[in-house]
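# structure for this input, please:
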Amino acid sequence: MRKIHFLFLIFYFGINVANAQKADWYLPWENEISRLAVDKVEAIPILLKGSNYRILKISGTDANRITFKSSSKKVKISFSYLPSIKNYNNQSILDAVLPLEMQDLSRERFFLVKFEGIYSGSENVSISVSNTTLNLSKTVMVSNSRPSTQFDINVWAYFDYNLALKGKRKQIEDMLHTNGVNNIVIPPFALPSISNKIASFSKLENYLPIGAAKFKRYFIFLDLNKKGVKFDENFKISYKKWVDGLREVFKSRSIPIESIYIYLIDEPMPEGIQFINDVVSLDQALGFNSNFYSTFGSNTNQVYSIKNNKTFLAQIVSKKINFKPKFINNTYNYWTYDVVSNSRNVKPLYFISKSAEAYYSNSNGIGVWNFCDISKAYSNADLAKALNVGSWKTKPTNPTYDYSLIYFDKNKIYPSLRLLALSSACDDYIFLSDLMKNDLVRSKRSSGIDLRSNYTNWEVKKLNTLNGK
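A predicted model of the protein is given here:
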């Protein structure tokens, strides 16, 4: 009889151990589940009006939906669900950021916790977890002020670009603004050609409806290197009418003319550079003094000289940053960008590290192709399945052509952890600028900062910066 009681106690104890509820905190940008980085930082460093993230794992839950309640005077706290999905190497990762109501009712669940700095100072915030016995706390440190450092992001976001985005304009605008992307590209299909015919801007008017959300910059992408357009007399005559028509549309939408950047050619070769210089000179002679923009891609093997009258924004692919163009006038900016395929195989750490890369190359903006370029990734049947069940639950037909920073179903779009890391690069760039300024450190080697392989160390440095250490 004693033996039976003893076995029962072992069995009972085993059940209780198995059912033990537990919470674990991790840093956000290592997203392979088997390699999550335990959060060992004393407090979460946050810029005033900025944000920071942590991954929270809840274990030993029952079959009920988990919700959270938080109490804080310094930060706004929000929660999202991170389902376990497979990347294209069949590894289990966390990447799709979904609403809490979409959570699976498994015994082990992952959540993304966002901390937004509202008021300066340090605080120990409390978090209660529904349907558990867990009451959590986390220390935050919010900066006294937000520096005026400017940093920008471009993800070549197009409206109605494909079936994943069609009819979701408001969601796209909201997601871009929420994640600090204040620049959009107007695609060629929404623009009339520059020709001696009367240019109709009706497509652009539909693309930019009155009352639509506004952005800091609009890159007017003509893609002329694919159209064989020549800089001849017809072009010169047509250009004035075209710019006048373009500006009328923007004025009717109460969008400042200074927000327009003419994007003539993508990744130009030498003959394209000559074309750009000719158009800039023509634009100046006509008294427009327009802003211009261009990418400089992997085909760039020399330092080009660019004429610029007003602002020229040059976005250079990262691996060719040493070939960034030279300008006649000082009104120019450099950004970097990368083309990232096999999207789910790329860790968020890669995207957060772009802040340091930009800082050390004297760039004040970054970009990633693309917000949702899946045009060659899915067959019609696989795309229909992704729209029906959710793209995070399916694998594209050809993952090599998956460049997307988001996930989608037929009704909504959802950010990836990679997009949030790219967004967070803005705050990390500001932290980096402040740290270098305070420490008078100017080289990556001497700073000891490695965002990609030692993010824990970087979080500690950020916290020390806020503490004045």
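
# and the next element down the chain from the lowest-mean-pLDDT helix or strand in the chain?
None of the helices or strands of the chain scores lower by mean pLDDT, DSSP states H and E than helix 2-18, at a mean of 44. Counting by DSSP states H and E, the element after helix 2-18 in chain order, helix or strand, is strand 22-26.

# next helix or strand past that next one?
Next along from strand 22-26, by DSSP H and E: strand 44-46.

# break the chain down into its structural domains.
Domain assignment for the chain, taken from automatic domain parsing, gives 20-144, 152-457.

# how far does the longest one sit from the chain's center?
Averaging C-alpha positions (C-alpha atoms, centre = their mean, to the nearest Å) puts domain 152-457 11 Å from its chain's average.

# can you tell me the average pLDDT over that domain?
Average pLDDT, domain 152-457: 92.

# ditto for the first one
In this model, domain 20-144 has a mean pLDDT of 96.

# tell me the bridge partners for residue 126.
Taking DSSP bridges as the rule, residue 126 bridges to residue 71, residue 137.

# before we move on, back to that, for the domains of the chain, which one sits closest to residue 467?
domain 20-144 (7.1 Å; C-beta to C-beta). (Glycine included, C-beta is placed from N, CA and C.)

# picking that back up, rebuild the domains of the chain as JSON lines, extending it with mean neighbour count and distance to residue 465.
Formatted as JSON lines, the domains of the chain follow (neighbours: other C-beta atoms under 10 Å; distance: least, C-beta to C-beta, whole Å):
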{"stretch": "domain 20-144", "mean neighbour count": "17", "distance to residue 465": "7"}
{"stretch": "domain 152-457", "mean neighbour count": "18", "distance to residue 465": "5"}
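
# which among those domains is found nearest to residue 463?
Closest among the domains of the chain, using C-beta to C-beta: domain 20-144, at 4.3 Å.

# just the endpoints, please. Distance across the closest one?
One end of domain 20-144 sits 40 Å from the other (C-alpha to C-alpha, to the nearest Å).

# same deal with stretch 289-305?
End residues of stretch 289-305 are separated by 18 Å (C-alpha to C-alpha).

# what's next to it, contact-wise?
Defining contact as C-beta atoms under 8 Å, 6 or more residues apart in numbering, one finds that stretch 289-305 is touched by 217, 219, 243, 258, 260-270, 273, 276, 279-280, 283, 308-317, 319-320, 323-328, 337.

# rerun that using 6 Å as the cut-off
The contact list for stretch 289-305 (C-beta atoms under 6 Å, 6 or more residues apart in numbering) reads 219, 261-263, 266-267, 273, 283, 309-313, 315-317, 320, 323, 325-326.

# ok, back up a step: same list, the domains of the chain, but as a markdown table with distance to residue 464 please.
Shown next, in a markdown table, are those (distance: least, C-beta to C-beta, whole Å):
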| stretch | distance to residue 464 |
| --- | --- |
| domain 20-144 | 9 |
| domain 152-457 | 9 |
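
# looking at those domains, spot the one closest to residue 468.
Counting by C-beta to C-beta, residue 468 lies closest to domain 152-457 out of these; the figure is 8.9 Å.

# and the helices in the chain?
Along the chain, counting by DSSP state H, helices occupy 2-18, 169-178, 202-207, 233-252, 270-285, 348-352, 354-360, 380-389, 417-439, 444-447, 455-466.

# quick one: closest of those helices to residue 85.
Going by C-beta to C-beta, the one of these nearest residue 85 is helix 417-439, 10.7 Å.

# what angle separates that closest one from helix 455-466?
Calculated by axes from the mean of the first three to the mean of the last three C-alpha atoms, to 10 degrees, helix 417-439 forms an angle of 50 degrees with helix 455-466.

# put the alpha carbons of helix 417-439 into PDB.
The C-alpha trace of helix 417-439 is given here as PDB (Å, rounded to 0.1, in the frame of the first residue of the first chain):
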ATOM      1  CA  LEU A 417      10.000  40.800 -36.900                       C
ATOM      2  CA  ARG A 418      12.500  41.800 -39.600                       C
ATOM      3  CA  LEU A 419      10.400  44.900 -40.500                       C
ATOM      4  CA  LEU A 420      10.300  45.800 -36.800                       C
ATOM      5  CA  ALA A 421      14.100  45.400 -36.600                       C
ATOM      6  CA  LEU A 422      14.500  47.600 -39.600                       C
ATOM      7  CA  SER A 423      12.300  50.200 -37.900                       C
ATOM      8  CA  SER A 424      14.200  49.900 -34.600                       C
ATOM      9  CA  ALA A 425      17.400  50.600 -36.600                       C
ATOM     10  CA  CYS A 426      16.300  54.300 -36.500                       C
ATOM     11  CA  ASP A 427      16.500  54.400 -32.700                       C
ATOM     12  CA  ASP A 428      19.700  52.400 -32.600                       C
ATOM     13  CA  TYR A 429      21.300  54.900 -35.100                       C
ATOM     14  CA  ILE A 430      20.400  57.700 -32.700                       C
ATOM     15  CA  PHE A 431      21.800  55.800 -29.700                       C
ATOM     16  CA  LEU A 432      25.000  55.100 -31.800                       C
ATOM     17  CA  SER A 433      25.300  58.800 -32.800                       C
ATOM     18  CA  ASP A 434      25.000  59.900 -29.100                       C
ATOM     19  CA  LEU A 435      27.400  57.200 -27.900                       C
ATOM     20  CA  MET A 436      30.000  58.100 -30.400                       C
ATOM     21  CA  LYS A 437      29.600  61.800 -29.700                       C
ATOM     22  CA  ASN A 438      29.900  61.400 -26.000                       C
ATOM     23  CA  ASP A 439      32.800  59.000 -26.100                       C
END
